[in-house]
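J.: attaching a predicted model along with its sequence, questions to come.
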Amino acid sequence: MKQTGNIEIAIIGDENQVTLMRFAGVRRYRIIEDDQDVGTKVRDAFQEFSADSSVGIVMLSQNWTGHIADLLDSLRKGSAVIPVVIELPEAYQARKEDVRDYYKTLTKKLIGFSIEL
């Protein structure tokens, strides 16, 4: 079981996402450039952060979750609670999806019931 003393936040994102989160105080990060090796880079960074016991939250671009879908499924099906994975919406992509509905559905999927705040 991972220790929960000093939990860090890590981000896997493009330069803009990482810069914004660094302004907010996030010290662990990987900047991923859009090229032909995006999938490999995202997988490597996610495996590194999820294996590190000091990282409790991993944030990554919603567009890249397809590259690590199998890792996310095994993480969510396992008994581990940490790290929590937060998918960041893409800034330059217009979506009709309601963010509240998205996280409500995700929460229900992960813990089995809905939470309304």
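T.: Structure received.
J.: assign Arg30 to helix, strand or coil.
T.: Under DSSP: H, G, I helix; E, B strand; the rest coil, the three-state class of Arg30 is strand.
J.: what about the residue nearest to it when sequence neighbours are not counted, how many neighbours?
T.: Of all residues not flanking Arg30 in the chain, Ala45 sits nearest, at 3.9 Å (Cβ to Cβ, 6 or more residues apart in numbering). C-beta here means a position set from N, CA and C on the backbone, and glycine is covered the same way. For Ala45, the neighbour count with other Cβ atoms under 10 Å is 23.
J.: can you verify Met59 is assigned to a strand?
T.: Yes: under three-state DSSP, Met59 sits within a strand.
J.: does Ser114 touch Asp101 like I think?
T.: No: contact criterion Cβ atoms under 8 Å: Ser114 and Asp101 do not qualify, at 10.6 Å.
J.: what is the host helix or strand of the residue nearest to Arg30 packed up against?
T.: Applying DSSP states H and E as the criterion places Ala45 in helix 38-51. Applying 3 or more Cβ pairs under 8 Å, 6 or more residues apart in numbering; DSSP states H and E, one finds that helix 38-51 contacts strand 8-13, strand 28-31, strand 55-61, helix 69-77.
J.: what residues sit buried inside that helix?
T.: Neighbour counts over helix 38-51 (16 or more other Cβ atoms under 10 Å) mark Lys41, Val42, Arg43, Ala45, Phe46, Phe49, Ser50 as buried.
J.: want to throw these into CSV with distance to Ala69?
T.: Converted to CSV, those look like this (distance: Cβ to Cβ, whole Å):
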residue, distance to Ala69
Lys41, 16
Val42, 11
Arg43, 10
Ala45, 15
Phe46, 11
Phe49, 16
Ser50, 14
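J.: report the lowest-confidence entry in those residues.
T.: Minimum pLDDT for those is recorded at Ser50 (90).
J.: how about the nearest residue to it, chain neighbours excluded?
T.: Pro83 is the one closest to Ser50 (Cβ to Cβ, 6+ apart), at 5.5 Å.
J.: confidence-wise, which helix or strand of the protein is lowest on average?
T.: helix 99-111 (a mean of 71; mean pLDDT, DSSP states H and E).
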